[in-house]
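Undergrad: Attaching a predicted model along with its sequence, questions to come.
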Amino acid sequence: MEAAAPQQVVVVQAAGRNATPKVIGIIAIVFASIGILWNVLIGGLIAVLFSAADSIDGVDVSFMETWGFMIFTLPASILLLVGGIKCLKYQKMGVFLMLGAEGFSAIGNMVIGNAIGDMDIVGSLMWPIIYGIIWALPLMLAKDDLV
């Protein structure tokens, strides 16, 4: 009786999905949650205190100094939260929502800085550009995995 020749077994595994969208999505959700809590708790308190200071004689507080923080940063945080959730599900629209949130944040920084009189274009665009690059990482590294 002849012995059978040994056979080679080759295991082929399908390539896994890139983890970058999940990691960036989780980071965006954490930042957005902190931003929403910050806006509701601290932003509301600042608005109430500035409104009370407006009634004191000799204090001139503009509308943008009072409510501008919440008008621009709360929607940006909500957009970031929705974008992070969509990015966590490997949806390309999530990355675009997160980039839109940073654009909205940059516009808010410039408007509020101009209203206060402390307009510094480099300072108001620095963090939105840095975060915009971070939020765009899934498009750059895992574009084939996003739907």
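TA: Right, received. Where do you want to start?

Undergrad: Show me where this structure has its helices.
TA: Across the chain, reading from the start of the chain, the helices by DSSP state H fall at 20-38, 44-54, 63-88, 92-116, 121-135, 137-141.

Undergrad: lowest-confidence stretch among these?
TA: In terms of mean pLDDT, the lowest-scoring of the helices of the chain is helix 44-54 (a mean of 73).

Undergrad: CSV for the helices of the chain, including distance to V10?
TA: In short, each C-beta sits where N, CA and C put it, glycine included. Listed next are the helices of the chain as CSV, based on distance: least, CB to CB, whole Å:
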stretch, distance to V10
helix 20-38, 29
helix 44-54, 62
helix 63-88, 34
helix 92-116, 34
helix 121-135, 39
helix 137-141, 29
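
Undergrad: how about TSV for the ones you listed, with distance to Q8 and mean neighbour count added?
TA: Converted to TSV, these look like this (distance: least, CB to CB, whole Å; neighbours: other CB atoms under 10 Å):
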stretch	distance to Q8	mean neighbour count
helix 20-38	35	18
helix 44-54	68	13
helix 63-88	40	20
helix 92-116	40	20
helix 121-135	45	15
helix 137-141	35	17
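
Undergrad: and V147, which of the ones you listed is closest to it?
TA: Among those, helix 92-116 comes nearest to V147, with 6.5 Å by CB to CB.
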